[in-house]
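Asker: sequence plus the predicted model coming up.
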Amino acid sequence: MAGFKTHLTVSTLMGVGYGGAAYYMYHVPVPTCVLAGGLCAVSGMLPDVDSDSGRPLHESIAFAAAVVPLMLIDRLSRFELATETIILVGALAYVVIRFGAAALLKRLTVHRGMFHSLPAAVIFGEIAFLLASGDNVQLRYFKAGAVVLGYVSHLLLDEIYSLGIRRGQLAFKSSFGTAMKILGHGFLPNVVTYGLLALLTLVALKEPGWMQNVYQQHQQRASQYASQLGGRSADSNNDNKSEPQKLLEALKTEFDPTSSTR
Ligand SMILES: [Zn+2]
C-alpha cells in the first residue's frame with residue numbers, strides 16, 4: 001500500500017502537469033490552472049479518508065472545511081445576499097464539514113470500501129463541478145477533471161503497489177483489484193454509491209441551466225425594481241408629494257442594493 005506521502009507526491013506532480021498543460025495548450029488563466037493543480041494534488045489523498053490511520057481523513061476534512069465555504073461564498077455573492085447571511089452560511093458549512101462529515105466518515109467507512117472505486121472518483125468530480133462557480137462551464141469541467149485525475153491517480157497507485165515480484169515472477173497481493181473497482185462486496189455501500197452517482201449526475205447535467213435561469217430572473221427583478229424606483233423618484237420632483245414622502249423615497253433609493261453604482 002502506497003503511503004500518504006507517495007500519494008500526495010504523485011497527485012501533486014499530476015496536478016502540475018494538468019495545470020501546466022491547460023495553461024500552455026488552452027491558455028486557461030493562471031489562477032484557474034493553479035487551483036486545478038491544487039485540487040488534483042489534494043484529491044490524491046481523498047480515497048484514503050476511509051483508512052484508519054486518520055491522517056488523510058484529518059487533512060481532507062480540514063481542507064474541505066476551509067475551501068468549500070470559500071467556494072460557496074463566491075456562489076452566494078452572485079445573488080447579492082447580505083454579507084452577514086453569506087458569512088453565516090460559510091460558517092455553518094465549516095462546522096458541518098469539520099465535525100459532522102468527519103464523524104460520519106469515521107463511522108460509516110471501511111478501508112478499501114467504496115471510497116476506493118471508480119464511481120467514487122466520478123462522484124467527487126461531480127461534487128467539485130457543482131461547487132465550482134462561474135459562467136464558463138468548460139472551466140468548471142476543467143476543475144472537476146482535476147479532482148477525478150487526482151483521485152484516479154491514488155487508485156492506480158494502490159493497484160500498482162499491490163503488484164510484487166516473487167521468485168522473479170509478477171505476483172498479485174490479496175489487495176489487488178480492491179482499489180480500481182466498479183463494485184464492492186457489500187450490498188448497501190453499492191446501492192448508496194450508485195444512488196449518489198445517479199443523483200449527482202442528474203443534478204450536474206441540469207444545474208448550469210438552473211443557475212442561469214435563477215440568476216437571470218434575479219437580475220430581471222432587480223432591474224424592474226430599480227426602474228420603478230427611478231420612475232417614482234422622478235415623479236417626486238414635481239412638488240405633489242409631502243416632504244416626509246420625498247425623504248422616504250430618497251432613503252429607499254440610497255439603501256437599495258440593486259440601484260447602487262456597483
Ligand atoms: Zn488508498
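Answerer: Structure received. All of these numbers come straight from a predicted model, not from anything done at the bench. Residues are numbered from 1 along each chain as shown.

Asker: in which helix or strand would I find whichever residue of the stretch 151-262 of the chain sits closest to the ion?
Answerer: Closest approach between the stretch 151-262 of the chain and the ion, counting by C-beta to the ion: Asp158, at 4.4 Å. Any C-beta I mention is one placed from the backbone N, CA and C, and that applies to glycine too. Here Asp158, judged by DSSP states H and E, is contained in helix 137-161.

Asker: and that helix, what does it pack against?
Answerer: Packed against helix 137-161, as judged by 3 or more C-beta pairs under 8 Å, 6 or more residues apart in numbering; DSSP states H and E, are the following elements: helix 4-26, helix 30-43, helix 118-131.

Asker: and the first one with the ion, contact?
Answerer: In this case it means helix 4-26. No. Using C-beta under 5 Å from the ion, helix 4-26 stays clear of the ion, with a minimum separation of 7.0 Å.

Asker: export that helix as CSV, just CAs?
Answerer: Included here for helix 4-26 are C-alpha records, laid out as CSV according to Å, rounded to 0.1, in the frame of the first residue of the first chain:
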residue,chain,number,x,y,z
PHE,A,4,0.3,9.2,2.4
LYS,A,5,3.4,11.0,1.1
THR,A,6,3.7,8.9,-2.0
HIS,A,7,0.1,9.5,-2.9
LEU,A,8,0.4,13.2,-2.4
THR,A,9,3.7,13.4,-4.3
VAL,A,10,2.2,11.6,-7.4
SER,A,11,-1.0,13.6,-7.4
THR,A,12,0.9,16.9,-7.0
LEU,A,13,3.1,16.1,-10.0
MET,A,14,0.0,15.2,-12.0
GLY,A,15,-1.6,18.4,-10.8
VAL,A,16,1.4,20.4,-12.0
GLY,A,17,1.2,18.7,-15.4
TYR,A,18,-2.5,19.2,-15.7
GLY,A,19,-2.5,22.9,-14.8
GLY,A,20,0.6,23.5,-16.9
ALA,A,21,-0.8,21.7,-20.0
ALA,A,22,-4.0,23.7,-19.7
TYR,A,23,-2.0,27.0,-19.5
TYR,A,24,0.3,26.2,-22.4
MET,A,25,-2.2,24.5,-24.7
TYR,A,26,-5.5,26.2,-24.0
